[in-house]
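> following is a predicted model, sequence given first.
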Amino acid sequence: MLKKLLAACAAITISTSTLVTADTLDEVVNRGTLRCAVVLDFPPIGFWNERNEPAGFDVEYCKDLANSLNVKVELIPATWSERLPLIVTRRADVVIGSTSDSLERAQTVGFTIPYAVFVSQAIVHKDSGIETFEDMKGKTVAAGLGTVQEQWYEAYANEWGSDWKYQGYQSENEVFLAVQQGRVAAGMTGNIVAGPIARQYSNIELGPVLPFTADYVSMAAPRKDVSWLNYLNLFIHQQVRTGRYQELWEEFVGGEAPDLRTPGVYY
Amino acid sequence: MDYNFHWQPVFRRLPELLLAALDTLQVAVLAIILGIILGLLLAVLKMNATGKLKPLNWFARSWIELARNTPVLLQLFFFGFGLGALGLHLSPFMIVLAALTFNCAGYLAENFRGGLQSIPETQLRAARSLGMSAPKAYYYILFPQVLRNVWHPLTNQIVWAVLMSSLGMLVGYQELAGSAQYFASRTYRIFEYFAVVAVIYYILVKLILALSRLVAWRIFRGQGGV
Amino acid sequence: MEMFSALRPQDLWFLAEAAGKTLWISTLAISSGTLLGILFGWVLSVSGRLGSMTLGAVLDVFRSIPLIIQLVLFYNLFPIIGIPLDPFTAGTIVLSIYTLSLVSNVVRSGIESVSQDLRRASRSLGMSYWQDMRHIVWPVGLRAVFPAWVGVALSVLKDSALVSVLGYVELLRASQILITRTQEPLIIMAIVGLFYFFLSYPIARAASMVEKRWQQ
């Protein structure tokens, strides 16, 4: 009898506690706006168009997500290093900002399944003479502050010994500008960004593909909010299933959208 | 409150942060020294608008007004990507040093001009008539008085240079704020890092003010308060 | 789809709008900071040693920490304590407190600059404390500290550029957006520099004219 009573009490406390703690999904629906953080100096994934409005693949994903919830979208432009603090301090509901799903980061925020995948590639100044990754040894190399490229490069460079010069910039755009002006020999970024950048500037050439692992990028959301992460996972799944993923990829990047599955392993 | 503070990683980085504080001091002190030299030059040029000095006078006025009427952050970006567009590449350290020097020189020039103008010309003439050479008269009569007049604004300018050198983090210079930001970009704990860094800046400023008072007490002793 | 595009005439309007935002956030910060600064400065001047050890010490903290650190700290602190603020509100609050800390110092020195003899004389003529403050301390002190106050106001106007680090699209952030799109740093920086110059320089000139008139 006592056991049953205790169990009932426990059941009540559990159910009431789940009742009072609304998850982000509830908050968004009640608020009527989705606060979606994006990085807008990463064309064609996120950029400012000629009317000085946010545009790009990630921006469309924010809008689609808001549509699926039937709420308005509030875009929060962020730099690379601001992305995760925005989630930690709850100023954004979700970051759709090409965030690589590293284990180090997963200790701070929660990640969805990957929604896109990149390959890390360098862009180089035309006079730099860089053709392979090894050529970058001893030259000044730039990346965005707080990117995985920065962290992966540092690991490689530490193996090279003291013979490396690195320059971290606040935004991806400053990395492009630094390469274009010749302040640095090479910049590290994603392959789909490298292409348009190299076409845009006469001073910039497509550099070597970097020997880093494939860059699976996920949406980031509050770590403990599993129900919200579940919703986001389903959203990513539906984007692929409905063909919207391919459609947006064609519009902004061009060609076949990459397979989001990792061969040989369950997610 | 749904936030757990992580202080331990910050304290582990404390030695590196303190070393970075030395970089902050270094760039600020260098900027002040260069700023004093250039500021004096600008002040003298601004006060002399005759004959051959006319173009230089115009140059000094432009420098002073530009330095005082645009944000130092914009000046910093100019010395970075602005000059870069012209093919002139400064290292992050040089960008911060150049911008702070440019700015300090503009502000100090006006302080020095005020300090110089507050001393009656008759004093200099009296000194000369007593047989002092011009440099001697400047050194013994003018300089001590100007120094006393500008001591307080000069101290403020040094404090200001230390505080504004924190903008180095926006152009990739890893001084105190820049290092904190770099470390924080790994652990994503900006608040904790910046809170600790704020305390370090506070201590730096208090040390500078104490030192300034001590020096002032030593050199202006018997001349009344500053 | 155009990811990069050249500078267009409309972009000048974009910058002008952003300059309006710079002016707006500075005006808010300067006016609220000045009003509170006068109040706090007066409190500091009458509360003696105890006041300067408590209130004075707290205000001093805001003058001894870089503004950019204050902005980032408070912007991150507000949501931690449960009140998430947008960049504009957070920026305005921090800029106001910063202005307040500077103005209170100026005001206190202004009140203290009015000689005790003058004030004793006014009181002995039968003026009340508030009459003395209104007719003696205010006009005399104002003239003494007016240049310093203008200096504070102008520095806040320019320092409002730092709110850009919170993502608020004022003049400086707008220029960064345009640089991202057009990759023309030099010309955009020059234009933005002119915008700031024409916001700040007329105020500086007007203030020095007022000062000269008072000296006559």
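Received it, and whenever you're ready, just let me know what you need.
> other residues contacting the worst-scoring helix or strand of chain C on mean pLDDT?
When the helices and strands of chain C are scored by mean pLDDT, DSSP states H and E, helix C:116-124 comes last with a mean of 86. Outside helix C:116-124, the residues within contact range by Cβ atoms under 8 Å, 6 or more residues apart in numbering or on different chains are C:129, C:131-132, C:135-137, C:140. Bear in mind the C-beta positions are built from the backbone N, C-alpha and C, glycine included.
> who wins for neighbours among those?
Neighbour counts for the contacts of helix C:116-124, by other Cβ atoms under 10 Å in any protein chain shown, peak at residue C:137, which reaches 21 neighbours.
> show me the contacts for that residue.
C:111, C:114, C:119.
> rerun that using 10 Å as the cut-off
For residue C:137, the contact set (Cβ atoms under 10 Å, 6 or more residues apart in numbering or on different chains) comprises C:42, C:45, C:110-114, C:118-119, C:122, C:129.
> switch those over to JSON lines; also include distance to residue A:229.
Output for the contacts of residue C:137, formatted as JSON lines (distance: Cβ to Cβ, whole Å):
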{"residue": "C:42", "distance to residue A:229": "54"}
{"residue": "C:45", "distance to residue A:229": "57"}
{"residue": "C:110", "distance to residue A:229": "57"}
{"residue": "C:111", "distance to residue A:229": "58"}
{"residue": "C:112", "distance to residue A:229": "60"}
{"residue": "C:113", "distance to residue A:229": "62"}
{"residue": "C:114", "distance to residue A:229": "64"}
{"residue": "C:118", "distance to residue A:229": "70"}
{"residue": "C:119", "distance to residue A:229": "68"}
{"residue": "C:122", "distance to residue A:229": "71"}
{"residue": "C:129", "distance to residue A:229": "64"}
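> most neighbours out of the residues you listed, which is it?
That'd be residue C:110 among those, by other Cβ under 10 Å, with 25 neighbours.
> is there proximity between the helix or strand where that one lies and chain B?
Using DSSP states H and E, residue C:110 sits in helix C:87-113. No - Helix C:87-113 lies out of reach of chain B by Cβ under 10 Å from any Cβ of the partner chain, never closer than 10.9 Å.
> nearest to chain A, of the contacts of residue C:137?
Ranked by distance to chain A (Cβ to the nearest Cβ), those are led by residue C:42 at 36.6 Å.
> please look at the closest one and residue C:107 and confirm they touch.
Yes - look at residue C:42 against residue C:107 with Cβ atoms under 10 Å: they come within range, at 6.7 Å.
> nearest residue to the residue of the stretch 151-267 of chain A found nearest chain C in space, please, no chain neighbours.
Scanning the stretch 151-267 of chain A for the residue nearest chain C gives residue A:173, at 4.3 Å (criterion: Cβ to the nearest Cβ). Using Cβ to Cβ, 6 or more residues apart in numbering or on different chains and skipping the chain neighbours, the partner closest in space to residue A:173 is residue A:41 (3.7 Å).
> circling back: the helix holding residue C:110: how far from the chain's middle?
7 Å (Cα atoms, centre = their mean, to the nearest Å).
> now do it against helix C:116-124, angle only.
For helix C:87-113 against helix C:116-124, the angle between stretch directions is 90 degrees (axes from the mean of the first three to the mean of the last three Cα atoms, to 10 degrees).
> pLDDT (mean, whole number) over helix C:87-113?
Averaging pLDDT along helix C:87-113 yields 94.
> helices or strands up against it?
helix C:9-53, helix C:55-63, helix C:67-80, helix C:138-159 (3 or more Cβ pairs under 10 Å, 6 or more residues apart in numbering or on different chains; DSSP states H and E).
> give the buried residues for the last one.
If I follow you right, that is helix C:138-159. C:140-141, C:144-146, C:148-159 (16 or more other Cβ atoms under 10 Å in any protein chain shown).
> same check on the shortest one?
For helix C:55-63, the neighbour count (16+ other Cβ under 10 Å) marks C:56, C:59-60, C:62-63 as buried.
> same for chain B: which of those are within range?
Answer for the buried residues of helix C:55-63 near chain B (Cβ under 10 Å from any Cβ): C:60, C:63.
> now render the helices and strands packed on helix C:87-113 as CSV, adding distance to chain A and mean pLDDT.
Rendered in CSV, the data for the helices and strands packed on helix C:87-113 read as follows (distance: least, Cβ to the nearest Cβ, whole Å; pLDDT from 0 to 100):
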stretch, distance to chain A, mean pLDDT
helix C:9-53, 5, 93
helix C:55-63, 22, 94
helix C:67-80, 4, 91
helix C:138-159, 19, 92
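> would you tell me which of these gets closest to residue B:120?
Of all the helices and strands packed on helix C:87-113, helix C:138-159 sits nearest to residue B:120, with 21.5 Å by Cβ to Cβ.
> now the angle between helix C:138-159 and the next helix or strand along the chain from that closest one, please.
The first helix or strand that comes after helix C:138-159 along the chain, using DSSP H and E, is helix C:171-182. Here the directions of helix C:171-182 and helix C:138-159 differ by 20 degrees (the same axes, to 10 degrees).
> what mean pLDDT does helix C:171-182 get?
Predicted confidence along helix C:171-182 averages 89 (mean pLDDT).
> so what does the helix or strand just after it touch, helix or strand wise?
Later in the chain than helix C:171-182, the nearest helix or strand by DSSP H and E is helix C:185-215. On a contact count with 3+ Cβ pairs under 10 Å, 6+ apart, helix C:185-215 meets helix A:172-181, helix B:54-69, helix B:72-77, helix B:83-85, helix C:9-53, helix C:138-159, helix C:171-182.
> in chain B, what residue lies closest to chain A?
Counting by Cβ to the nearest Cβ, chain B gets nearest chain A through residue B:185, at 3.4 Å.
> contacting residues around residue 193?
Reading this off chain A. By Cβ under 10 Å, 6+ apart, residue A:193 lies in contact with A:41-47, A:98, A:118, A:121, A:123, A:172, A:175-176, A:187, A:253, C:3.
> right idea, wrong chain: chain B
B:6-7, B:9-10, B:13, B:17, B:177, B:179-185, B:187, C:69, C:72-73.
> mind checking which of the residues you listed land in strands?
Within those, no residue falls in strands by DSSP state E.
> residue B:138 and residue B:100: what is the separation?
28 Å (Cβ to Cβ, to the nearest Å).
> those two: which has the busier surroundings?
Of the pair residue B:138 and residue B:100, residue B:100 is the one with more neighbours under other Cβ under 10 Å, namely 28 against 14.
> assign residue A:261 to helix, strand or coil.
At residue A:261 the chain is in coil, as set by DSSP: H, G, I helix; E, B strand; the rest coil.
> ok, residue A:34 next?
Secondary structure for residue A:34, judged by three-state DSSP, is strand.
> that one against residue A:95, yeah?
No - between residue A:34 and residue A:95 there is no contact under Cβ under 10 Å: 11.8 Å.
> comparing the two, which shows the higher neighbour count?
Neighbour tally, residue A:34 and residue A:95, criterion other Cβ under 10 Å: the higher count belongs to residue A:95, 27 against 24.
> show me where the stretch 151-267 of chain A has strands.
In the stretch 151-267 of chain A, the strands defined using DSSP state E, counting those that start in this stretch lie at A:165-169, A:186-190, A:204-209, A:215-221.
> nearest to residue C:215, out of these?
Among these, the nearest to residue C:215 by Cβ to Cβ is strand A:165-169 (49.4 Å).
> which strands or helices does the closest one pack on?
strand A:140-144, helix A:148-160, helix A:172-181, strand A:186-190, helix B:92-117, helix B:176-187.
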